[in-house]
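Visitor: coords please:
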Amino acid sequence: MDLVLRHGDIENHFFRKFFEKEYNKVVVRVSGGLDSALILYLFAKFAEEKNPNLEIYCFTALDTLWTFGDTEGTSKNVVKFVKEQFPSIKIEHKFFPFTSQGYSTERLRKFSNKWNKS
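Guide: Residues are numbered from 1 along each chain as shown. Next comes the predicted model:
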């Protein structure tokens, strides 16, 4: 699997480089937007086709002061859709609320440490 990005004479084969390595975990920040949804979908598709042991960990940062839009609901729907398309792939999703003072760093650290230990 490869995704080639081209601009004029320049080609970027970033995804080929990633897919050729035997990673067993990947983290995706899912905002609920199209770009993160597409990246999550591509990782799940790759896992199904080439590396069924790949574990995908998604996280969504929730600004508790943001009153416009529904990041939590939209990101849940994105992850749910991808899980339904690729039911054999392990996909986890966590939320990390933050305010103008920053992320809930202790929760994020515990979540990251859990992935690093396994």
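
Visitor: Going by C-alpha atoms from here, please, whenever you check contacts or count neighbours.
Guide: Fine.

Visitor: By mean pLDDT, which helix or strand of this structure comes out lowest?
Guide: When each helix and strand of the chain is scored by mean pLDDT, DSSP states H and E, strand 102-103 comes last, with a mean of 56.

Visitor: quick one: the strands in the chain?
Guide: 5-7, 10-12, 25-29, 55-63, 90-99, 102-103 (DSSP state E).

Visitor: Just name the most buried of those.
Guide: strand 55-63 (a mean of 19; mean count of other Cα atoms under 10 Å).

Visitor: May I have the strands that pair with that one, each with its orientation?
Guide: strand 25-29 (parallel), strand 90-99 (parallel) (DSSP bridges).

Visitor: what about this protein, any weak spots by pLDDT?
Guide: 1-3, 14-19, 65-68, 99-118 (pLDDT under 70).

Visitor: centroid residue for it?
Guide: Val28 (2.0 Å; Cα atoms, centre = their mean).

Visitor: Contact partners for it?
Guide: For Val28, the contact set (Cα atoms under 8 Å, 6 or more residues apart in numbering) comprises 36, 39-40, 56-59.

Visitor: about what we covered before: reformat the strands of the chain as TSV; add distance to Asp70.
Guide: Shown next, in TSV, are those (distance: least, Cα to Cα, whole Å):
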stretch	distance to Asp70
strand 5-7	31
strand 10-12	34
strand 25-29	16
strand 55-63	9
strand 90-99	13
strand 102-103	18
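
Visitor: and stretch 83-101, how far out from the chain's middle?
Guide: Computed by Cα atoms, centre = their mean, to the nearest Å, the chain-centroid distance of stretch 83-101 equals 7 Å.

Visitor: May I see the strands paired with strand 55-63 organised as CSV, with distance to Thr74 added?
Guide: Output for the strands paired with strand 55-63, formatted as CSV (distance: least, Cα to Cα, whole Å):
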stretch, distance to Thr74
strand 25-29, 13
strand 90-99, 12
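
Visitor: nearest to Lys45, of these?
Guide: Closest to Lys45 of the strands paired with strand 55-63 is strand 90-99 (Cα to Cα; 12.0 Å).

Visitor: gap between Val4 and Ala61?
Guide: 29 Å (Cα to Cα, to the nearest Å).
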